[in-house]
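*Asks:* give me a model of this one.
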Amino acid sequence: MVKVAVNGFGRIGRLVFRFAWDDPTLEIVHVNDLCSCESAAYLIKYDSVHGTWEKNVSTAQGGFTVDGTLVTFSREKDYTNIDFAAMGVEMVLECTGKFLTVKELSPYFDLGIHRVVVSAPVKEEGALNVVLGCNHHLLTQDIKIVTNVSCTTNCLAHNIIFSSLP
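*Replies:* Okay, here's the model as predicted:
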C-alpha cells in the first residue's frame, strides 16, 4: 500500500481524496491546505455538486477522521516545511495549482517523496502529461512527476487523434 499526502484541498484535491480513499492500493495519511481543519472536514463530507459523502467524517486531534481513520492535517504555505518522511509518505497528490514546473516540484524528492501526481499540466521536460487512451503507455515506474494534463486537453485529444485515423 502506498502512503499518500494531498497538498491543496480545494475542489480538485477533495474530489481526488474521495476517489482515492476507496482505492485499496493507497492510504491517504495527510492533507495540507491553508483552510482550517474544521473547514476541510466539512467540505470533504459535503459537496455542493457531488452531494454528501457516505463516509463518517469528523475533526480530531491533529486532523480529521474518515470512518475512524485519522488523516493528519497541516496549514503550511511552504510544503517543504512538512515532514513527509516521518509520516512515511511516498506519493503526493499536488492539487494546489501553484507548483507547475519541475523546479518547483523537485523539492518533494528531497523530502522522501517518490512520485508527485499534479492536478494541472506541467508544460516542460521532466514531467509526463498523460492523456488516458492516447499516451498512457508512456507511463513507467521511472516517471517521477506525472499529470493528467488539463480538462480541455482530455476532451480534445481523443477527437484529434481519432479523427486523423483512416
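*Asks:* show me where the protein has its strands.
*Replies:* 2-7, 26-32, 46-47, 51-52, 57-60, 63-66, 69-74, 91-94, 115-118, 128-129, 145-147 (DSSP state E).
*Asks:* of all those strands, which lies closest to residue 100?
*Replies:* Relative to residue 100, the nearest member of those by CB to CB is strand 115-118, separated by 7.3 Å. Every C-beta, even on glycine, is put in place using the N, C-alpha and C of the backbone.
*Asks:* now that closest one: mean pLDDT?
*Replies:* Per-residue pLDDT over strand 115-118 has a mean of 96.
*Asks:* repeat for stretch 147-166
*Replies:* Here the average pLDDT along stretch 147-166 is 61.
*Asks:* how deep is the residue lying closest to residue 107 once chain neighbours are set aside tucked in, by neighbour count?
*Replies:* Counting by CB to CB, 6 or more residues apart in numbering, residue 107 lies nearest to residue 80, which is 5.1 Å off, once chain neighbours are set aside. Residues lying near residue 80 (other CB atoms under 10 Å) number 10.
*Asks:* go on, the one 3 residues further on?
*Replies:* Close neighbours of residue 83, defined as other CB under 10 Å, add up to 11.
*Asks:* now swap in residue 92 and tell me
*Replies:* Neighbour tally, residue 92, other CB under 10 Å: 26.
*Asks:* over to residue 125?
*Replies:* Neighbours around residue 125, by other CB under 10 Å: 7.
*Asks:* how near is the closest residue to it other than its chain neighbours to residue 140?
*Replies:* Spatial nearest neighbour of residue 125, excluding adjacent residues (CB to CB, 6+ apart): residue 102 at 7.5 Å. The gap separating residue 102 from residue 140 is 17 Å, by CB to CB, to the nearest Å.
*Asks:* coming back round to it: got a markdown table for the strands of the chain, with distance to residue 109 too?
*Replies:* Below are the strands of the chain laid out as a markdown table (distance: least, CB to CB, whole Å):
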| stretch | distance to residue 109 |
| --- | --- |
| strand 2-7 | 14 |
| strand 26-32 | 17 |
| strand 46-47 | 32 |
| strand 51-52 | 37 |
| strand 57-60 | 30 |
| strand 63-66 | 25 |
| strand 69-74 | 19 |
| strand 91-94 | 10 |
| strand 115-118 | 8 |
| strand 128-129 | 15 |
| strand 145-147 | 9 |
